[in-house]
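K.L.:
Dropping a prediction and its sequence here:
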Amino acid sequence: MDSIKFNISSYRVSMMIVTCFCILAVDFKIFPRRYAKAEFYGTSLMDLGVGSFVVTNSLVSRHARGISNMVMRATFRSTSPLIVLGFARLISTSSVNYQVHVGEYGVHWNFFFTLAAVAILSSVVNVSTSYCGILGSFILIGYQAVLLFGLNGYMLSEARGTDIISQNKEGIFSIFGYWGMYLVGVQIGSYLFFGGNAGSSLRSRKWTRARVWALCLLFWSVTLLLDKHVERVSRRMCNLAYVSLVLATNLQVLAILMLSDYVPGSQSSVLEEALNKNLLATFLLANVLTGLVNLSVDTLSVSPISALVILFAYTFVLAFTVGFADFLGVKLKFW
């Protein structure tokens, strides 16, 4: 059991560290452009970040552990920090003319709103853990069908109307993709780690490791088929191929980390445990620090050496703050 907890912790922290580092690194010239987000179709390292964040939370969520969903009042209270941060990001970026690529989520939308919307939808449509995978699959297939019948052309078009939906079409419609991804992730987490509805006890190591590899290969096969015969992967629309790609990639990372069972003496570090306790808070802090760096420095004009110094300082401040918060016993849980 301890080994599986260690593997899950390492996987979640690894994905978070890469995400937090890349959201600032991409603003510098030294960051390879092939790793930046694709405009329409295709994949890169940065395209995996937002989807991976949803998956890492879904696999070990309260829902996946068989704990009943929160009532609506509690849900709104737990997601209110995300909504506040979403509006804070919108106001701050607008007031200082911070460069935001509207093709990602739209004019006013951002990923904090998407996280809040997914949490609220999962609470409103409160289904049993054993049916999350079915509901998530229906949502994803239905959403993909609507995309193929013309929604994809609308979402990829540069033209925008004056209404709020048209202004934020990418962020609003992609919610269905992220919601379906979250529900499928809940089902996978329940199946792999918590034994369906058998409570929160973890499965055996050998059983879990074999099925993680099997699911990884399954989702990679599905991704290749969808990308070739249905629609190419698109993070912008969060289509079915993108969801399958994110699940396949995350399961592959987890499967590789589970090979550490064969390495004697493997154990998590103090910093890893601190990050694992405050993943969402770490992500929020990383976004705040990224904004401060961009407001203070013209990232596109700094030299490679200066960029590395800034990135090392940013990483140190992030790690020190999270570690110090854990030392003080601070634990922030929004979702």
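P.N.:
Now that the structure is in, tell me what you want to look at.
K.L.:
and the helix or strand hosting residue 54, average pLDDT?
P.N.:
Assigned by DSSP states H and E, residue 54 belongs to helix 47-59. Averaged across helix 47-59, the pLDDT comes to 88.
K.L.:
for it, packing partners?
P.N.:
Contact here means 3 or more Cβ pairs under 8 Å, 6 or more residues apart in numbering; DSSP states H and E; on that basis helix 47-59 packs against helix 2-25, helix 111-124, helix 169-193, helix 240-257, helix 279-296. All C-beta atoms are positioned from the backbone trio N, CA, C, and that covers glycine.
K.L.:
and with 7 Å instead?
P.N.:
helix 2-25, helix 169-193, helix 240-257 (3 or more Cβ pairs under 7 Å, 6 or more residues apart in numbering; DSSP states H and E).
K.L.:
Run through who's touching it.
P.N.:
12, 15, 19, 22, 37-38, 64, 111, 118, 178, 181-182, 185-186, 188-189, 235, 242, 246-247, 249-250, 283, 335 (Cβ atoms under 7 Å, 6 or more residues apart in numbering).
K.L.:
One more pass at 6 Å, please.
P.N.:
With contacts defined as Cβ atoms under 6 Å, 6 or more residues apart in numbering, helix 47-59 is touched by 12, 15, 19, 37-38, 111, 178, 181-182, 185-186, 189, 235, 246, 249-250.
K.L.:
quick one: which of the helices and strands packed on helix 47-59 is nearest residue 145?
P.N.:
With Cβ to Cβ as the measure, helix 240-257 is the member of the helices and strands packed on helix 47-59 nearest residue 145 (9.3 Å).
K.L.:
Could you tell me the angle between the closest one and helix 169-193?
P.N.:
40 degrees (axes from the mean of the first three to the mean of the last three Cα atoms, to 10 degrees).
K.L.:
from the chain's centre, how far out does helix 240-257 sit?
P.N.:
12 Å (Cα atoms, centre = their mean, to the nearest Å).
K.L.:
picking up where we left off before, tilt between the helix holding residue 54 and helix 169-193?
P.N.:
Using the same axes, to 10 degrees: helix 47-59 against helix 169-193 is 50 degrees.
K.L.:
picking up where we left off before, ok, of the contacts of helix 47-59, which come out buried?
P.N.:
12, 15, 19, 37-38, 111, 178, 181-182, 185-186, 189, 235, 246, 249-250 (16 or more other Cβ atoms under 10 Å).
K.L.:
dump the residue contacts of residue 211.
P.N.:
residue 192.
K.L.:
where does it land on pLDDT?
P.N.:
91.
K.L.:
What of residue 245?
P.N.:
Residue 245 carries a pLDDT value of 96.
K.L.:
Enumerate every residue touching residue 311.
P.N.:
Residue 311 makes contact with residue 25, according to Cβ under 6 Å, 6+ apart.
K.L.:
What are the buried residues along the one helix or strand it maps to?
P.N.:
Element membership for residue 311, per DSSP H and E: helix 304-327. Within helix 304-327, the residues that count as buried by 16+ other Cβ under 10 Å are 307, 310, 311, 314, 315, 318, 319, 321, 322, 323, 325, 326.
K.L.:
coming back round to it: quick one: which of the contacts of helix 47-59 is nearest to residue 148?
P.N.:
Comparing these against residue 148 with Cβ to Cβ picks out residue 235 as the nearest, at 17.3 Å.
K.L.:
If we ignore the residues flanking it in sequence, what's nearest that closest one?
P.N.:
Distance criterion Cβ to Cβ, 6 or more residues apart in numbering; nearest residue to residue 235, sequence neighbours excluded, is residue 47 at 4.1 Å.
K.L.:
do the same with residue 184
P.N.:
residue 136 (4.0 Å).
K.L.:
For residue 240, see how far away that neighbour is.
P.N.:
Per Cβ to Cβ, to the nearest Å, residue 136 is found 11 Å from residue 240.
K.L.:
Next: residue 253.
P.N.:
Taken as Cβ to Cβ, the span from residue 253 to residue 240 is 21 Å.
K.L.:
So what's the residue count around residue 93?
P.N.:
When neighbours are defined as other Cβ atoms under 10 Å, residue 93 has 17 of them.
K.L.:
pLDDT wise, what is it at?
P.N.:
pLDDT, residue 93: 71.
K.L.:
how much space between it and residue 232?
P.N.:
From residue 93 to residue 232 the distance is 30 Å (Cβ to Cβ).
K.L.:
for residue 143, same thing?
P.N.:
16 Å.
K.L.:
Comparing these two, which residue is more hemmed in?
P.N.:
residue 143 (23 against 15).
K.L.:
Need the nearest residue in space to that one, chain neighbours excluded.
P.N.:
residue 176 is the one closest to residue 143 (Cβ to Cβ, 6+ apart), at 4.3 Å.
K.L.:
Point to the residue nearest the middle of the protein.
P.N.:
The residue lying closest to the centre of the chain (Cα atoms, centre = their mean) is residue 53, at 1.7 Å.
K.L.:
picking up where we left off before, from the contacts of helix 47-59, pick the one nearest residue 104.
P.N.:
residue 37 (7.0 Å).
K.L.:
OK, contacts around residue 215?
P.N.:
residue 251.
K.L.:
Try it again at 8 Å.
P.N.:
188, 192, 247, 251 (Cβ atoms under 8 Å, 6 or more residues apart in numbering).
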